[in-house]
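S.K.: Build the 3D model from these lines:
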Amino acid sequence: MADPVTLRVGTYNLRDGGLDGVSAFRDDARFKNQLAMLATLRLDLLGLQEAKWGPDGPARLEQAARWLGMTWKCLVRSNFHGCDIAVLVRESAGLSVTRERHLTGPPFAHAHADVELEIAGRPRPVRFMVGHAAPSSPTLRLIEAELAWWFYSSLDVIYAADFNAAALNEDPNLQDVDPLHVARKLDTRPAEELQASGFIDTGAQLGDRTPTVGHTRVDRLAYRCDRIYTTLSRDAIVGHRVVQEDKPLSDHRPVWAEFVLPATERRAPPGRGGI
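M.R.: Residues are numbered from 1 along each chain as shown. You can find the predicted model right below:
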């Protein structure tokens, strides 16, 4: 029987592609520092939100892959504001990409990346999904979560995203924060939908509830915006960390989770049936 495969999975919102300045004079020093930081995490799968590289997207993606030692990559175009999603995979003898089938257009505010992985010794593929939920509409975020259940809850999935809303069981400091902003960002219906559908919040599973936003913004609403879910068994989740840099390179903190996948996998209890 094949040996277990360990996967370290990351998600990171770059903020404006890691670029500063305007027009043709955009400075990529922050992007290079982000890549150097990500390289230390030794990721096998990585999803990047706000890959706002415009016409330079393919070149920037190639630069990221080269710095991170990733052998497979794709760029999924966003519906709004150039907030594209980049997906990178470190292929190996035990891990290969077999297919990609992304969801773009309504109701997804940006896009939803979907990459199929073949893992040695496993009869079923694992889907790596990367999302960027609607930034200001709780209604759209709920619809996006409902579609995740409809399309993916019966599959073996690792789902990394900037969910733009709080996780379950958070109690952030609301002092001096705009009430409307609070109401929109602390709407937990999408998180409730994912949990009811059989998606496991890896951070909550391992007791890591470190906020991923609120460390640079004026309003200081700190919550777990960036999360990694899975429909694999709870036993497969062996690590989780929110990277807390001394000098943050984005208004989001990077998050990684680690999984050990045996050759045969006992899946989490199924979600709800029907439409």
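
S.K.: Please count neighbours and contacts with C-alpha atoms only from this point.
M.R.: Fine.

S.K.: Look at the closest residue to Lys52 other than its chain neighbours and tell me its secondary structure.
M.R.: Spatial nearest neighbour of Lys52, chain neighbours left out: Gly17 (4.4 Å); criterion: Cα to Cα, 6 or more residues apart in numbering. State at Gly17, reduced to three classes by DSSP: H, G, I helix; E, B strand; the rest coil: helix.

S.K.: surely Gly17 meets Gly57?
M.R.: No - Gly17 is beyond contact range of Gly57, at 9.5 Å (criterion: Cα atoms under 8 Å).

S.K.: Mutual contacts of these two, please.
M.R.: Common neighbours of Gly17 and Gly57, using Cα atoms under 8 Å, 6 or more residues apart in numbering, are Ala51.

S.K.: Same drill for the two, tell me which one is more crowded.
M.R.: Gly17 (25 against 17; other Cα atoms under 10 Å).

S.K.: show me the contacts for the more buried one.
M.R.: Shown in contact with Gly17 (Cα under 8 Å, 6+ apart): 31, 50-53.

S.K.: hmm, 7 Å instead?
M.R.: If a contact means Cα atoms under 7 Å, 6 or more residues apart in numbering, then Gly17 has 50-53 as its contacts.

S.K.: Quick check: phi and psi at Val255.
M.R.: phi -130, psi 140 (degrees, to the nearest 10).

S.K.: burial measure for it, as a count.
M.R.: Val255: 25 surrounding residues under other Cα under 10 Å.

S.K.: State the distance from it to Ile228.
M.R.: Distance of Val255 to Ile228, given as Cα to Cα, to the nearest Å: 8 Å.

S.K.: Over to Met70?
M.R.: Between Met70 and Ile228 the computed distance is 20 Å (Cα to Cα).

S.K.: now Lys247
M.R.: 23 Å.

S.K.: Looking at these two, which has the bigger crowd around it?
M.R.: Between Lys247 and Ile228, Ile228 has the larger neighbour count (other Cα under 10 Å), namely 25 against 7.

S.K.: Identify the bridge partners of the closest residue to the more buried one other than its chain neighbours.
M.R.: The shortest distance from Ile228 to any non-neighbouring residue, by Cα to Cα, 6+ apart, is to Ala160 (4.3 Å). Ala160 forms beta bridges with Val130, Ile228, as assigned by DSSP bridges.

S.K.: can you pull the contacts of Ala160?
M.R.: Residues in contact with Ala160 (Cα under 7 Å, 6+ apart) are 11, 47, 129-131, 227-229.

S.K.: And stretch 125-137, what's buried?
M.R.: Counting neighbours by 16 or more other Cα atoms under 10 Å, one finds that the buried residues in stretch 125-137 are 125-135.

S.K.: can you name the two of those residues that are farthest apart?
M.R.: Greatest spacing in those, by Cα to Cα: Pro125 and Pro135 (30.8 Å).
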